[in-house]
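J.: Build me a structure from this.
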Amino acid sequence: MFSAGGIITLFFHQADRLILAYNLIGLFTVLFTGMVFYHSRLKWRILRIENWKTIKQTHLARLKLSWSSIPPARETVVPEHHPYAYDLDIVGPYSLLRLLDTTVSTRGYTYLSSALLLPGRVSADLEHRQKLVRELVPRSLLRDRIILEAKTISGDGPLRSEEMADVFKTSKVFAGIKRVLILEAGLAILTAIFFALEYVNGPRFWTYLFITYAAIYLFYVSRLAPIFGHALTLRSQLERLEPLLAYLEKRRELNAPELNTLCAPFRQAGFRPSQLIRKMARICDGLSVRAHPMVQLILNAVLPWDFYFAFKYERLRVRLLDLFPNWLDALGQIEMASSLAQFSALHHEYTFPLIGKEGEESPTIIAKDIGHPLIPDSKRVVNDFTLDGLGSITLITGSNMSGKSTFLRTLGINVCLAQAGGPVCARSFLAPLMRMYCSLRIKDDLEMGLSYFYAEVKRLKQIMDAAADQSSPPVLFLIDEIFKGTNNRERIIGSTAYLMALVNSHGLGLVTTHDLELTGLSTENRKISNYYFQESIAEGRLAFDYRLHKGFCSATNALRIMALEGLPVQRCDI
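T.: The predicted structure is shown next:
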C-alpha cells in the first residue's frame, strides 16, 4: 500500500498538482501508520490466543498424566533428611509437585512446594488455605489469566520474585545524588547558554563549564554502576509483572472473602500497583541506555541523564520498599492456591478433606475409595481404610507386587494434599493435623559409608524420636518392609520391639512386612490390626486385584516369580 501511495503521489506531483500530492502523502502516511499499528496488535492477540491454547493443552496433559507434555520439574530445595519428600514422590520428574505446579513466579513456587513439604502446623491456617482454594476452583478465567499475563511478554521463564525483592532491598543510590543532580543540571544549563552566546560574540566560558560538568560526571558515575546492572535485571521482570498486577487490581470477586482479603494490597486507595511498577519499568528503561555506549555518551554530554534517572529510581525504590514484598507475597499465595484449585477443577471426583481439630485426644483417619493421584484413572484401584487413635498400627502383609508399598504411598500423598489445603483422591477423607514420617525408599550411602541396613536404622530412629514428641501434632508413620536389611531372626526380634514401642508413642501408622510371625502381635495388643493384599493365578500368570482385605496373607509368591522367570528352583504349582 505504501509503495502504491508513493507512485500515485509522484504522478500528481509530476502533473504540478502539488496540493493534492502533499495531501496524498499525508493520507497514505496516516493509513500506513494505522496498518502497522493494527498489524502489531493483531500479532499480539494471535500470540495470546496461541499461549492460551498452550495453557489449555497443558491442563489436559495434567488430567491425562501425559508427562511429556507437562512443563519439566523445577529445581526444588528439599531440606536434608526430609521425612517423606522422595518416599512419596512429592518432588522429582514424575512427582506430585510437577503435576500441580501452575505458578508463574519463584515465590509462588516456593509457597506451593512449602505447602507440600512443610505442612501447616496450625489448623486455622489450613482452614483459611482450604477456603481460598475452594473459592478459586470455579474461577477458571482468573487462574488462566494469571498464567497468560505472565507468559505473553518475555517468554516462558518464571518471574524471579526473590531476585526482584533483593534488588529493591540492596540497590541503594549514594546519599548525595540529589545535590549532584542539581549541580550537574545547573552546569548543563549554563554550558548550553554560554555555548549559544558564543555565536553572538558573548564570553567563551562554555568549555570550562563543560569540563567541570564532565569531571563531576566521571567522578560520581562509577558509584552508579551497580544500579545500571540492577536496571537491566528489573526491566524485563517488571514488564511481565505489571499486566499481572493490573489484572488483579480490576478483579472484584463475589462470594470470595478469602480471595478479596488476599487481593487487598493491590487495591489500596491513592495508587495502583501496576502504575508504580510501570513507572519503575520506564525508569529502568532510562537507566538501561548504558547498554548502548554511544547513545549514553551523547545523552550525558548534554544533560545529566544518568543522575536524573538514578535519582528517580531511588525515590521510587524507597516508596516501593515496603509495598513490593506485600504484592509478591499476595501474588505468590494466589498462585499456590490456584495450582491446587486447578487440580480440583480437573478432577471433579476428588473431594476436599475434613481436617480434625488440633489437639484431639483420639486422632482418626477415615478414607473412603482412596486412590493414588499419580496413577492413571484406568489403572487406579481404590480402597476403604480406617486408622483409629494414637498408637494404632496397621500391619499389611501380602505377596510381592501385590500393592503394599503403593497403598502406603497412596495414604501418604493424600495426607500431604490434604494438609496443603487441596483436594484428595478419595470419595471422602477425614484426617487430623499430623506430622508425616516415612521409611519407604532407603538407599545406602557409599560416600558416607552407610550400608542399607544402617541407613534404615537411622531413618527408623528419626521416626521414633518424632513420635516421642508430644508437644507437636501426632506422627503418621509409613514403614515399608521393616528391617528387611538383616536376617530373619534379628528382624523379627527388632521389629517386635520397635512396633510395641510405637504402640505407646504419640503416633499412628502403617507397616508392611513379609514376616507372618509379626501378625500375631494383634492378639497381644488391640491397637495392632492386620490387613493384606492377595493375588490369584490365571493361565499360569500371577494376577493382582490390589484390594485391601482384613486379616493376614499366609501365601507368598517369591518362588512362583522365580519359576516363571526360569530360575532353577523347585517347581511350584503355578
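J.: Which residues are in contact with Leu499?
T.: Contact analysis of Leu499 by Cβ atoms under 8 Å, 6 or more residues apart in numbering lists Ile393, Leu395, Ile482, Val511, Leu518, Leu521, Ile528. Just so you know, the C-beta spots here come from the backbone N, C-alpha and C atoms, and that holds for glycine as well.
J.: can we see that at 7 Å?
T.: By Cβ atoms under 7 Å, 6 or more residues apart in numbering, Leu499 lies in contact with Ile393, Val511, Leu521, Ile528.
J.: and what of Pro376?
T.: For Pro376, the contact set (Cβ under 7 Å, 6+ apart) comprises Leu65.
J.: Pop out the phi and psi values for it.
T.: Main-chain dihedrals, Pro376, degrees, to the nearest 10: phi -60, psi 150.
J.: that older thread, now tabulate the contacts of Leu499 in JSON lines and tack on pLDDT and distance to Met35.
T.: Formatted as JSON lines, these follow (pLDDT from 0 to 100; distance: Cβ to Cβ, whole Å):
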{"residue": "Ile393", "pLDDT": "96", "distance to Met35": "75"}
{"residue": "Val511", "pLDDT": "96", "distance to Met35": "73"}
{"residue": "Leu521", "pLDDT": "91", "distance to Met35": "83"}
{"residue": "Ile528", "pLDDT": "94", "distance to Met35": "80"}
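J.: so the nearest residue to Met434 once chain neighbours are set aside is in which element?
T.: Spatially, and ignoring its direct neighbours in sequence, Met434 is nearest to Leu476 (4.5 Å; Cβ to Cβ, 6 or more residues apart in numbering). Assigned by DSSP states H and E, Leu476 belongs to strand 475-479.
J.: Run me through the strand neighbours of that strand, direction for each.
T.: Paired neighbours of strand 475-479 in the sheet (DSSP bridges): strand 435-439 (parallel), strand 507-512 (parallel).
J.: So which of the contacts of Leu499 is the closest to Ala310?
T.: Val511 (64.4 Å; Cβ to Cβ).
J.: Centre-most residue in this protein?
T.: Most central in the chain under Cα atoms, centre = their mean is Tyr109, positioned 1.9 Å from the mean C-alpha point.
J.: And the pLDDT at that one?
T.: We note a pLDDT of 95 for Tyr109 in this prediction.
J.: try the one 10 residues further on
T.: With respect to pLDDT, Pro119 scores 71.
J.: ditto for Arg267
T.: 82.
J.: For it, grab the count of nearby residues.
T.: 14 (other Cβ atoms under 10 Å).
J.: Hmm, it is touching Glu249, no?
T.: Yes - using Cβ atoms under 7 Å, Arg267 is in contact with Glu249, at 6.3 Å.
J.: can you count the residues close to Tyr213?
T.: By other Cβ under 10 Å, 24 other residues sit near Tyr213.
J.: that's a helix at it, yeah?
T.: Yes - assessed by DSSP: H, G, I helix; E, B strand; the rest coil, Tyr213 belongs to a helix.
J.: That one reaches Thr191, doesn't it?
T.: Yes - between Tyr213 and Thr191 a contact is recorded at 6.0 Å, counting by Cβ under 7 Å.
J.: What is the neighbour count of Arg459?
T.: Arg459, neighbours per other Cβ under 10 Å, totals 20.
J.: Now whichever strand or helix holds it: buried residues?
T.: Arg459 belongs to helix 452-467 when elements are defined using DSSP H and E. For helix 452-467, burial by neighbour count (16 or more other Cβ atoms under 10 Å) applies to Phe453, Ala455, Glu456, Val457, Arg459, Leu460, Gln462, Ile463, Met464, Ala466, Ala467.
J.: separation between the closest residue to the third one other than its chain neighbours and Glu335?
T.: The shortest distance from Glu456 to any residue that is not its chain neighbour, by Cβ to Cβ, 6+ apart, is 4.7 Å, and that residue is Ile442. Here the distance between Ile442 and Glu335 works out to 34 Å (Cβ to Cβ, to the nearest Å).
J.: Looking at these two, which has the bigger crowd around it?
T.: Counting neighbours by other Cβ under 10 Å for Ile442 and for Glu335 shows that Glu335 has the greater number, 28 against 22.
J.: hang on, that one is in a helix, isn't it?
T.: Yes - under three-state DSSP, Glu335 falls within a helix.
J.: That one and Val104 touch, don't they?
T.: Yes - under the criterion of Cβ under 7 Å, Glu335 makes contact with Val104 at 6.2 Å.
J.: which neighbours do the two share?
T.: Ile146.
J.: dump the residue contacts of Phe477.
T.: When contacts are counted by Cβ under 7 Å, 6+ apart, Phe477 touches Tyr437, Ile463, Ala467, Leu502, Gly507, Gly509.
J.: Quick check: closest non-adjacent residue to it.
T.: Nearest non-adjacent residue to Phe477 (Cβ to Cβ, 6+ apart): Gly509, at 3.5 Å.
J.: Fine, thanks again, bye for now.
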